[in-house]
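S.K.: fold the following and give me the result.
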Amino acid sequence: MYLLLKVKMCIVLDYIEKYPLRTKQILGISYEQLRSLTESSGIKHKELEKIKENQKVRINAAGGGRPQKLSFSEQIVLCLFYLRQMPSFEILGMLFGISKTEANDNFHYWRKIIRDILPAS
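M.R.: As a prediction, this is how the structure comes out:
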């Protein structure tokens, strides 16, 4: 009988944390730029969540629902990895330990935030 363990795993971010000098090859930006982008994206995300929360009509108490599988930094790395490598969402989901639908949703959400933060070239 096989035993499958459910382990939270993000291969790409684990690799980047282990070898920060290879970040430019994987994501197209340096490790320092990734940290800066993560911080500014997190701030923008919190602003958008606050606006959305104020407009929401609540039936249930706040804080309910399923917790997210990926942290903010993992979601941002997912978005940048997709833009750099262009894998299918199914492969992207496998690399980040989520479904292809979640990978698609995360990419499109964070793409808008990153687009607001970084100017177009």
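S.K.: so the residue most central in space within the chain versus residue 46, what's the distance?
M.R.: The chain has residue 75 as the residue nearest its centroid, 0.6 Å off, counting by C-alpha atoms, centre = their mean. The gap separating residue 75 from residue 46 is 14 Å, by C-beta to C-beta, to the nearest Å. Every residue, glycine included, has its C-beta placed from N, CA and C.
S.K.: returning to what we had before: excluding chain neighbours, what is closest to the residue nearest to the centre of the chain?
M.R.: Distances taken as C-beta to C-beta, 6 or more residues apart in numbering place residue 106 nearest to residue 75, at 4.9 Å, with adjacent residues excluded.
S.K.: in whatever helix or strand that neighbour lives in, which residues are buried?
M.R.: Taking DSSP states H and E as the definition, one finds residue 106 inside helix 100-117. Residues 102-104, 106-107, 110, 113-114 are the ones in helix 100-117 that count as buried (16 or more other C-beta atoms under 10 Å).
S.K.: so how far is it from its chain's centroid?
M.R.: Distance, stretch centre to chain centre, for helix 100-117: 7 Å (C-alpha atoms, centre = their mean, to the nearest Å).
S.K.: next: stretch 86-102.
M.R.: Distance, stretch centre to chain centre, for stretch 86-102: 11 Å (C-alpha atoms, centre = their mean).
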